[in-house]
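J.: When you get a sec, could you give me coordinates for this:
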Amino acid sequence: MRHRWMAVLLLLAYVGMALPASSEEPRRLVRLEGWIVDSFCRAKNANPAGAVDTVECLKKGAKLILITPDGTTYDLEDQEKARLHLSKPVHVFGLVDKDRNLRIGNYIGTEPGPDDNRSERAVAGPGKKAPPKPEPEQPQR
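T.: I've put the predicted structure just below:
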C-alpha cells in the first residue's frame, strides 16, 4: 500500500512539472518590415537622422523595438544584434509569441546597393559563400 501511494505522488509531481511547459504558447515564424527604434520615442526616430536620438534614449534606459509601417511594435529579445541596425529600415525573419516578443533570426536591409548580396549571405549563413546566381536564359534565334 505504501509503495502505491509513493507511485501516485511521483506521478502527480511529474504531471505537475509538465503542465507549465505545455501551456506555453508556441511561437510562429514571421517576416516583418519596419524600423529598429527605441521604446521611448518610437516612430519619431524611424528615420536615418533618428539614430543619434535613439542612442541618447538607450542611455536613459529605453529598449530597442521593431516598429512596422502600421505602427505595430515588437519587443526584441537580442538587443545587441539590433544595435547594428539603429534607425534603419529592415526586413526581419524570426519567431514571435502572443505578447509580440520577437526572436530574430536574420536582419536584411531594405535598401540594398547595386551589388549587395546580404539576402544571399543570410540564406547561406555566416562565413559561407552564397551559391552563384543562375545566368538568365538567352532567347534562341
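J.: Could you use CA atoms for every contact and neighbour count after this?
T.: Will do.
J.: which ones are touching the closest residue in space to Asp38 that isn't next to it in sequence?
T.: Nearest residue to Asp38, sequence neighbours excluded (C-alpha to C-alpha, 6 or more residues apart in numbering): Leu64, at 4.5 Å. Residues near Leu64 by C-alpha atoms under 8 Å, 6 or more residues apart in numbering: Ile36, Val37, Asp38, Ser39, Leu58, Asp75, Leu76, Gln79, Ala82, Arg83.
J.: Save the residues you listed as a markdown table, and put in neighbour count too.
T.: Converted to a markdown table, the contacts of Leu64 look like this (neighbours: other C-alpha atoms under 10 Å):
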| residue | neighbour count |
| --- | --- |
| Ile36 | 30 |
| Val37 | 34 |
| Asp38 | 28 |
| Ser39 | 21 |
| Leu58 | 16 |
| Asp75 | 18 |
| Leu76 | 20 |
| Gln79 | 12 |
| Ala82 | 18 |
| Arg83 | 15 |
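J.: Which members of these are positioned in helices?
T.: Leu58, Gln79, Ala82, Arg83 (DSSP state H).
J.: where are the low-confidence patches of the protein?
T.: Low-confidence segments of the chain, defined by pLDDT under 70: 1-25, 109-141.
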